[in-house]
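Student: Provided below are the primary sequence and the corresponding predicted coordinates.
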Amino acid sequence: MTNKRARRTLTAGLAAGFAVVGLMVSAGAANASRVDNLPVFSPNYTFGDGAKGFKLTTSGGPINPGVIVGFNPQPDPPGDGDDGALIALLNPADPQLISPSLGGSFTFLIGLLMPGDGSVIPLPDAPNPDGVTGERFMLGGHLFDITLGFGPGPVDPGSWVGFNPQPEPPGDVLGGAFSFAGREDPFMDFNISIDGSQLDFALAPGVPEPASWGLMLLGFGSLGAMLRARRRALPARA
């Protein structure tokens with residue numbers, strides 16, 4: 001009877017532990033999310049000047065160049081990740097970079113890792129009143145279409161300038177600097193198509209979603225507590 005009671009206690013405890021894990025994941029995802037996108041990831045790439053960004057893999061195109069992207073408030077001290085952007089990948093074709101820094105000036109950069117001859121891609125025109133702009137160009141024998149969106153407030157068109165980043169990241173680079181008119185949590189989203197095929201993006205391997213850390217830590221903690229309870233219950237059977 002004692003053994004059965006111990007097993008029931010362990011089973012109930014595990015169920016309760018995993019229920020708490022589920023709540024933790026939901027809460028972590030909610031806290032990590034901004035706008036309406038989940039999951040949200042922290043930077044996994046550092047540019048040559050110390051600014052933070054993201055290395056993404058691509059799929060779905062006639063070629064899949066891979067992308068490095070950054071969206072950083074200025075001034076942004078080298079190596080300072082606290083004010084860097086987060087990235088949301090709920091829609092794989094339309095990543096969204098979200099900055100916790102309110103308003104002010106920003107730089108953005110997209111590096112295409114293939115063909116990767118070091119070209120500087122022409123900067124598109126300043127965003128329209130809806131915050132959207134784009135550029136079409138030939139690169140490596142393929143037609144690239146890049147659409148950029150900025151918000152939630154308007155971009156000051158007089159502040160819209162391109163730059164050639166130094167030291168340059170690898171690949172062919174599109175970079176710009178601008179200022180938002182308001183002081184809200186800003187974002188940048190983008191999509192890229194090659195020869196009419198839209199790319200999907202994923203974070204380069206090795207960076208868990210923030211909520212996943214809570215899942216792993218709480219899951220291991222709950223299992224450990226249940227096993228300790230079982231060890232305490234087993235001697236009572238004798």
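Tutor: That came through fine.
Student: I'd guessed Ile197 sits against Ser59; true?
Tutor: For residue 197 the amino acid is Ser, not Ile. No. Between Ser197 and Ser59 there is no contact under C-beta atoms under 8 Å: 10.1 Å. Placement of C-beta: from N, CA and C, glycine included.
Student: quick one, helices of the chain?
Tutor: Under the criterion DSSP state H, helices of the chain are mapped to 2-32, 210-237.
Student: least reliable of those helices by average pLDDT, please.
Tutor: The minimum mean pLDDT among those belongs to helix 2-32 (a mean of 35).
Student: contacts only, for the residue nearest to Ala181 when sequence neighbours are not counted.
Tutor: Among residues not flanking Ala181 along the chain, Pro154 sits closest, at 4.9 Å (C-beta to C-beta, 6 or more residues apart in numbering). Pro154 sits next to Pro127, Pro129, Gly131, Phe180, Ala181, Gly182 when contact means C-beta atoms under 8 Å, 6 or more residues apart in numbering.
Student: distance of Met46 relative to Asn72?
Tutor: If you look again at residue 46, you'll see it is Thr, not Met. 11 Å (C-beta to C-beta, to the nearest Å).
Student: quick one: low-confidence ranges for this protein?
Tutor: Applying pLDDT under 70 to the chain flags the ranges 1-38, 76-84, 166, 206-238.
Student: just checking, what packs against the top strand by length along it?
Tutor: Counting residues, the longest strand in the chain under DSSP state E turns out to be strand 142-151. Of the remaining helices and strands, those touching strand 142-151 by 3 or more C-beta pairs under 8 Å, 6 or more residues apart in numbering; DSSP states H and E are strand 105-112, strand 132-139, strand 187-194.
Student: returning to that earlier point: what's the overlap in contacts for Thr46 and Asn72?
Tutor: With C-beta under 8 Å, 6+ apart as the test, Thr46 and Asn72 both reach Lys52, Gly53.
Student: okay, the two: which has more neighbours?
Tutor: A direct count of neighbours by other C-beta atoms under 10 Å for Thr46 and Asn72 places Asn72 higher, at 27 against 17.
Student: does the more buried one touch Thr107 like I think?
Tutor: Yes. With contact defined as C-beta under 8 Å, Asn72 reaches Thr107; the gap is 5.4 Å.
Student: shared neighbours of these two, anything?
Tutor: Shared contacts of Asn72 and Thr107, defined by C-beta under 8 Å, 6+ apart, are found at Ala51.
Student: I figured Trp160 hits Gly175, correct?
Tutor: No. Judged on C-beta under 8 Å, Trp160 makes no contact with Gly175 at a distance of 12.0 Å.
Student: find residues that contact each of those two.
Tutor: Joint contacts of Trp160 and Gly175 (C-beta under 8 Å, 6+ apart) are Leu123.
Student: mind listing what the closest residue to Gly149 other than its chain neighbours touches?
Tutor: Distances taken as C-beta to C-beta, 6+ apart place Asp189 nearest to Gly149, at 4.6 Å, with adjacent residues excluded. Residues counted as contacts of Asp189 (C-beta under 8 Å, 6+ apart) are Asp94, Pro95, Gln96, Leu97, Leu148, Gly149.
Student: circling back: now the helices and strands packed on strand 142-151 in a markdown table, with distance to Leu86?
Tutor: Compiled in a markdown table, those are given as follows (distance: least, C-beta to C-beta, whole Å):
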| stretch | distance to Leu86 |
| --- | --- |
| strand 105-112 | 14 |
| strand 132-139 | 21 |
| strand 187-194 | 10 |
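Student: identify the residues contacting Asn164.
Tutor: Val120, Val173, Gly175.
Student: hang on, the earlier thing: ok, the contacts of Asp189 vs Val67, which is closest?
Tutor: Nearest to Val67 among these is Pro95, at 8.8 Å by C-beta to C-beta.
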